[in-house]
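# got a predicted model here, sequence first, then my questions.
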Amino acid sequence: MNINQITMYLHQFKGTELRSNILDELSKLKSIAVNQGDQEEAKNIWCLEQIYKVKNHFLSVYKNLVDKEFFQAWCELERADIELHFLRMHLDYTGNKYNLDHIEKNLNQLPKLFPYKYFSSRESIVKNWTCSICNNVITLRNSCNHEVGEIYNGEQCCRIAGDIEFQAVAIVTDPFDKYGVLFPEGLEYNYAILENLMQNWTSPWEKWEYQISRDLIAEYNGLGRNNLCLCNSGIKYKNCCLKTGKNLHDHFKFLFHDKDPKDITNHAKQTFNSWKN
Ligand SMILES: [Zn+2]
Ligand SMILES: [Zn+2]
């Protein structure tokens, strides 16, 4: 395939598996562009590579969700998000070019449906950084002419960390890298919300969205304001969970605007915890 054919292919693709030889073909075309000194074409090819990677990770997210491989799906989401972040600096895809708006929306929505709340985070000291383009060691005094994030010869410039000294592990709720999900012994995550979504989300390209409302937790139903609170705090409901909102939980409602209502599996309202009982 030539560049135009690959561009069209990636733009129109709505399948579940991308042709695996595309990256090889792009890599060959990029070498040619670089040898001809055509920086613009090399950068264009880099964008196509990124589009391929974003789509490929997104398709893996979907496949892993179908297979109930939820942590794998989580990691693929993070990878897709990182590749899309790099691409966004160099390509304007408004108007859902290459279906990237659709993917972006999914990358924003899906993580909120996972039960993960705590992560391990590594703290370490990087003793030296090198430029990925020229391999020069970068210090405060000694820099090169390459800008991080820019594309040179069809490759994105980044800083490579060398000589890393490990310091500590912290437990955090908003980690820089999201792979460090904690899996405490004896506890099992509850993926019920995702399982519900997957009963209706029948293609990676099908659109969906969700709404959240704050609903009363069933146990609090009918509890009088002046009664002792259910949480065993020893104080009145009105001064306790009614005040703090601990009597409420998020209720997720999935919407499939393009689906025939008769094809939608509806669920009775259920309450889930982050953990399986
Ligand atoms: Zn450099
Ligand atoms: Zn309470």
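Structure's in. What do you need? Ligands and ions are numbered 1, 2, ... in the order given.
# next, the residue most central in space within the chain: phi, psi?
By C-alpha atoms, centre = their mean, the mean C-alpha position of the chain lies nearest to residue 77, the distance being 3.3 Å. When read as degrees, to the nearest 10, the backbone of residue 77 gives phi -60, psi -50.
# check contacts around it.
Neighbouring residues of residue 77 by C-beta atoms under 8 Å, 6 or more residues apart in numbering: 57, 61, 107, 110, 111. C-beta coordinates here come from the backbone N, C-alpha and C atoms, glycine included.
# list the buried ones in stretch 186-199?
Residues of stretch 186-199 classed as buried by neighbour count (16 or more other C-beta atoms under 10 Å): 189, 191, 192, 193, 194, 196, 197.
# should've said stretch 99-108
Buried-residue list, stretch 99-108, by 16+ other C-beta under 10 Å: 99, 100, 102, 103, 104, 106, 107.
# again, but for stretch 38-54
Quick answer for stretch 38-54 (16+ other C-beta under 10 Å): 41-54.
# of all these, which comes closest to residue 22?
residue 52 (5.6 Å; C-beta to C-beta).
# tell me the contacts of the nearest residue to residue 154 once chain neighbours are set aside?
Of all residues not flanking residue 154 in the chain, residue 42 sits nearest, at 3.4 Å (C-beta to C-beta, 6 or more residues apart in numbering). With contact set as C-beta under 8 Å, 6+ apart, residue 42 has these partners: 30, 33, 34, 151, 153, 154.
# can you give me the distance of residue 42 to ligand 2?
From residue 42 across to ligand 2, the span is 62 Å (C-beta to the ion, to the nearest Å).
# can you map out the helices along this protein?
Here the chain has its helices, by DSSP state H, at 3-12, 22-35, 39-66, 70-88, 100-109, 192-200, 241-244.
# arrange these in a markdown table, one row each, with distance to residue 159 and mean pLDDT as further columns.
Below are those laid out as a markdown table (distance: least, C-beta to C-beta, whole Å; pLDDT from 0 to 100):
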| stretch | distance to residue 159 | mean pLDDT |
| --- | --- | --- |
| helix 3-12 | 29 | 96 |
| helix 22-35 | 22 | 97 |
| helix 39-66 | 18 | 98 |
| helix 70-88 | 14 | 97 |
| helix 100-109 | 25 | 97 |
| helix 192-200 | 35 | 94 |
| helix 241-244 | 45 | 95 |
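# nearest to ligand 1, out of these?
Ligand 1 lies closest to helix 39-66 among those, at 15.5 Å (C-beta to the ion).
# residues contacting residue 158?
Here residue 158 is in contact with 132, 148, 149 (C-beta under 8 Å, 6+ apart).
# return the member of those residues nearest to ligand 1.
residue 132 (7.6 Å).
# backbone dihedrals for the closest one, please?
Dihedral angles for residue 132 - degrees, to the nearest 10 - are phi -70, psi -20.
# output the set of residues of this structure in proximity to ligand 1.
Contact residues, the chain versus ligand 1 (C-beta under 5 Å from the ion): 131, 133, 134, 144, 146.
# residue in the stretch 151-277 of the chain with the shortest distance to ligand 1?
Closest to ligand 1 within the stretch 151-277 of the chain is residue 157: 6.6 Å, counting by C-beta to the ion.
# so what's that residue up against?
131, 132, 133, 146, 147, 148, 149, 150, 151.
# and if we set it to 10 Å?
Counting by C-beta atoms under 10 Å, 6 or more residues apart in numbering, residue 157 touches 131, 132, 133, 134, 144, 145, 146, 147, 148, 149, 150, 151.
# drop anything exposed from these.
Among the contacts of residue 157, those scoring as buried are 131, 133, 146, 151 (criterion: 16+ other C-beta under 10 Å).
# for residue 268, see how far away the closest residue to the last one other than its chain neighbours is.
In this case it means residue 151. Excluding its sequence neighbours, the residue lying closest to residue 151 (C-beta to C-beta, 6+ apart) is residue 43, at 4.5 Å. As judged by C-beta to C-beta, to the nearest Å, residue 43 and residue 268 stand 52 Å apart.
# returning to what we had before: just the buried residues of stretch 38-54 now: which is nearest ligand 2?
residue 54 (45.1 Å).
# wait, isn't the closest one in contact with residue 87?
Yes: Residue 54 lies in contact with residue 87 (C-beta atoms under 10 Å); the separation is 6.4 Å.
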